[in-house]
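1. Attaching a predicted model along with its sequence, questions to come.
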Amino acid sequence: MYKNLAATLVAACFFSPVFSQTAPAKGSAAEPVKAGFVYVTPVTEAGWTRQHDEGRKAVEAALGAQVKTTFVENVPEGADAERVIRDLAATGHQIIFTPSFGYMEPTLKVAQDYPGVKFESITGYKTTANVATANARYYEGRYLAGIAAGRMSKTGVAGFVAGFPIPEVLQGINAFTLGMRSVNPQAMVKVVWLNVWFDPPKERDAAMALFNQDVDVIAFHTGSTAVMAAAQERGKMAVAYHSDMRRTGPDAQIVAITHQWGNYYTERVRAVQNGRWKSGNVWGGVREGMIRVGDFGRRVPAAVQHEVLAAQKAVGAGRLHPFRAGKAAVRDNEGHEVIPAGQTLSDPQILQMNWLAEGVQGKLPR
């Protein structure tokens, strides 16, 4: 999620993960695997860091006494991150997960000095013999949430509170817009750029400003629950991101896009335990269980829920792709053809996305 260098992401080559469901060996006398986790924000009740901590807890639940986990929260990207990662490596942790893009370079630097330790750079794109990378196809969930938003919106105008104009965020805005317009071809999406990932007051102010512009449903790519709370306060609707946020917006939430890291983290720790860990690149989505849409709010009719869940099954089966054009080409909001009729964007094209889809109001910051 955090601080991407957008254009360079295309250099990454991804494969889809296959997660083993093999039960851990029983009665092993081996020392537990020590797994470390570094978090860029505090562990809050919902959001990016919460989902990764849920992944850590899933490792503990799956492996029990065969694993010992440690986490350090609220670690700024840069020198502080390198210090924390180095300390984990120096204190016997055999695998260290660093889920923030800005941790990529500090992770690589420490990995050079600890070749026997395995590192997992989550949202990074550079690998070495002992550094693997993983990310999720968040855009799949965005498209599905767009269907729900398109069905639920009365004004046909949605808002989107966005962190930085990087490919991952642009993928989300565009997929959300295409999802909305698949059920309401006239739908519009208004975007506010924050140039920050985690600033609850700023996130709230952006949401309130959008609600004053005919927006009745809102999505966001930021790190807190502030946008959901604002929607609850104003009697509007919102799409939760990262986590289920119904505790914050019991009336506002229509659907949640959640990130599921437990199976991936468990398999990687198990691979260290069994001596099978290998470096690689993973970009998993609905099919791999890394992205899930659900947790519908109480105001969402059953028919809409069924439509979204059916679309989710189609995405998982490969029958539906958010960036596949139908009989008509997909155009950006300046009128340029970006996906020819009948064509599907390749992973490299998705990874270097630098346009806003037709229906998005405003220009891409340059």
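-> Received, thanks. Residues are numbered from 1 along each chain as shown.
2. residue closest to the middle of this protein?
-> Nearest residue to the geometric centre of the chain (CA atoms, centre = their mean): residue 138, 4.6 Å.
3. Could I get the contacting residues of that residue?
-> 168, 171, 172, 257, 259, 291 (CB atoms under 8 Å, 6 or more residues apart in numbering). For every residue, glycine as well, the C-beta is placed using N, CA and C.
4. let's see it at 6 Å
-> With contacts defined as CB atoms under 6 Å, 6 or more residues apart in numbering, residue 138 is in contact with residue 172.
5. per-residue confidence at it?
-> Note on residue 138: pLDDT of 95.
6. I'd like the distance between it and residue 53.
-> Look at residue 138 and residue 53: by CB to CB, to the nearest Å, they are 18 Å apart.
7. you'd agree residue 174 is in a helix?
-> Yes: with DSSP: H, G, I helix; E, B strand; the rest coil as the criterion, residue 174 is part of a helix.
8. beta partners of the residue nearest to it when sequence neighbours are not counted?
-> Once flanking residues are discounted, residue 174 sits nearest to residue 357: 4.2 Å by CB to CB, 6 or more residues apart in numbering. For residue 357, the beta-bridge partners under DSSP bridges are residue 332.
9. Rounded mean pLDDT for stretch 161-168, please.
-> Mean pLDDT, stretch 161-168: 91.
10. So what's the residue count around residue 280?
-> 13 (other CB atoms under 10 Å).
11. Spatially, what comes nearest to it if we skip its sequence neighbours?
-> That would be residue 132: by CB to CB, 6+ apart, it lies 5.4 Å from residue 280.
12. where's the one you found relative to residue 343, distance?
-> 31 Å.
13. from what I can see residue 151 touches residue 304, true?
-> Yes: taking contacts as CB atoms under 6 Å, residue 151 lies within contact range of residue 304: 4.6 Å.
14. Helices along the stretch 101-250 of the chain, start to end?
-> 104-113, 138-152, 167-183, 200-211, 226-234 (DSSP state H, counting those that start in this stretch).
15. Of residue 132 and residue 343, which one has the most company?
-> Set residue 132 next to residue 343 and count neighbours by other CB under 10 Å: residue 132 wins out with 23 against 14.
16. Wait, that one touches residue 121, no?
-> No: in this structure, residue 132 is not within contact of residue 121 by CB under 6 Å, at 7.0 Å.
17. Next up, the contacts around residue 327.
-> residue 341.
18. Now it. Its backbone dihedrals?
-> phi -70, psi -30 (degrees, to the nearest 10).
19. how near is it to residue 241?
-> 31 Å.
20. Equivalent analysis for residue 249, please.
-> 12 Å.
21. now do residue 212
-> Applying CB to CB, the value for residue 212 to residue 241 is 22 Å.
22. If you count surrounding residues, which of those two has more?
-> The neighbour comparison of residue 212 against residue 241 (other CB under 10 Å) goes to residue 241, with 29 against 9.
23. where do the strands sit along the stretch 1-150 of the chain?
-> Applying DSSP state E, counting those that start in this stretch to the stretch 1-150 of the chain gives strands spanning 33-38, 67-72, 95-99, 118-122, 131-136.
24. Pick the most buried one from those strands.
-> Of the strands of the stretch 1-150 of the chain, the one with the most neighbours on average (mean count of other CB atoms under 10 Å) is strand 95-99, at a mean of 29.
25. and that one, what does it pack onto?
-> Judged by 3 or more CB pairs under 6 Å, 6 or more residues apart in numbering; DSSP states H and E, the packing partners of strand 95-99 are strand 33-38, strand 118-122.
26. Give me the angle between the shortest one and strand 131-136.
-> Between the axis of strand 118-122 and that of strand 131-136 there is an angle of 30 degrees, by axes from the mean of the first three to the mean of the last three CA atoms, to 10 degrees.
27. Adjacent strands (with direction) for strand 118-122?
-> By DSSP bridges, strand 118-122 pairs with strand 95-99 (parallel), strand 131-136 (parallel).
28. Residues in contact with the first one: which ones?
-> For strand 95-99, the surrounding residues in contact (CB under 6 Å, 6+ apart) are 35-38, 52, 88, 107, 118-122, 269, 272.
29. and the two most separated of these?
-> 52 and 272 (17.8 Å; CB to CB).
30. Which of those two has more residues huddled nearby?
-> residue 52 (27 against 17).
31. Between the two ends of stretch 98-108, what distance do you get?
-> Using CA to CA, to the nearest Å, one end of stretch 98-108 lies 11 Å from the other.
32. Averaged pLDDT, it. What do you get?
-> 94.
33. Report the buried residues of that stretch.
-> For stretch 98-108, the neighbour count (16 or more other CB atoms under 10 Å) marks 98, 99, 100, 101, 102, 103, 104, 105, 106, 107, 108 as buried.
34. which residue sits closest to residue 154, ignoring its sequence neighbours?
-> In space, residue 154 is closest to residue 216, 5.7 Å off (CB to CB, 6+ apart).
35. What values do phi and psi take at the one you found?
-> The phi/psi pair for residue 216 (degrees, to the nearest 10) is phi -120, psi 0.
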